[in-house]
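S.K.: Sharing a model prediction with you, sequence too.
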Amino acid sequence: MTERYLSTKEVGERLGLKNAASAGLPEPDVLVGRTKGWKPETIDAWLANRPGQGVGGGRPRKDRD
């Protein structure tokens, strides 16, 4: 059986991003020349373990008196 890997473009489409290369993707599962490939389950696990927006980041709120 042939293993199917996602290209950077396909990962971007899966995540709803225009430029997936700048998304800090996990290490690829396969590298053919300079072309990276990820298993769909690798991307799904990576996405599930990413912190949500606003977690631990951003500017602290000002206290209102």
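M.R.: In hand now; what should we look at?

S.K.: which non-adjacent residue is nearest the residue nearest to the spatial centre of the chain?
M.R.: The chain has L25 as the residue nearest its centroid, 4.2 Å off, counting by C-alpha atoms, centre = their mean. Leaving aside its sequence neighbours, L25 sits nearest to V11 (C-beta to C-beta, 6 or more residues apart in numbering; 6.5 Å). All C-beta atoms are positioned from the backbone trio N, CA, C, and that covers glycine.

S.K.: Tell me which stretches of the chain form strands.
M.R.: 30-32, 35-37 (DSSP state E).

S.K.: the helices in the chain, which residues?
M.R.: Ranges of helices within the chain are 8-15, 40-48, based on DSSP state H.

S.K.: wait, isn't A23 in contact with L15?
M.R.: Yes: judged on C-beta atoms under 8 Å, A23 makes contact with L15 at a distance of 6.8 Å.

S.K.: Any chance of the strands of the chain in a markdown table with mean pLDDT as columns?
M.R.: Below are the strands of the chain laid out as a markdown table (pLDDT from 0 to 100):
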| stretch | mean pLDDT |
| --- | --- |
| strand 30-32 | 94 |
| strand 35-37 | 95 |
